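Peer 1: predicted model follows, preceded by the sequence.
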Amino acid sequence: MCLHSLKTSRSLIGLTLLAVLSSGPLGAQQGNALRNGIFSQDQAERGAEAYGQHCSACHANDLLGNATSPPLAGMGFLFLWEGRPLAELFEQIRRNMPTNAPASLPEQEYADILAYLLARNGFPAGGQTLTPLLLSQAELTINAPN
């Protein structure tokens, strides 16, 4: 390797390391928004009722899914969704669920169900209502609540 290539490689490594180190707090801030409560307890309760009506037949009452439906709570859920945008999960649910009638619920009802999923995964309730508009505007990343 020539001296110029070595200097260029070191510069690229330095820039990459700087980018990785500086991205930590930003990712933490986005994850912290979920830890600060982006839904209300009332909303999570509405979501629990809607989940029971539209989702539990496939994903089970305990949200752990089955052989054909993925888990919506616990380690299995985090394995699938950790590090991904909350808006992506919302869109997945909104477009594809329930499987017998995709996209058939009002958007706010899907947001209520999402609030219930967050509550069941240990995210705290707060004083605001999670709305489709908030989901489309905020950059929220799913990270373990602890």
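Peer 2: Ah, there it is.
Peer 1: only C-alpha atoms for contact and neighbour calcs from this point on.
Peer 2: Will do.
Peer 1: verify the stated contact: residue 77 with residue 63.
Peer 2: No - contact between residue 77 and residue 63 fails when scored by CA atoms under 8 Å: they sit 9.2 Å apart.
Peer 1: neighbour count: these two, which is higher?
Peer 2: When neighbours are counted by other CA atoms under 10 Å, residue 63 comes out ahead of the other of residue 77 and residue 63, with 22 against 17.
Peer 1: apart from its chain neighbours, what residue comes closest to the more buried one?
Peer 2: The spatial neighbour of residue 63 that comes closest, neighbours along the chain excluded (CA to CA, 6 or more residues apart in numbering), is residue 72 at 5.1 Å.
Peer 1: burial of the one you found, as a residue count?
Peer 2: Under the neighbour criterion other CA under 10 Å, residue 72 is assigned a count of 22.
Peer 1: got it, and residue 80?
Peer 2: Counted by other CA under 10 Å, the residues lying close to residue 80 total 12.
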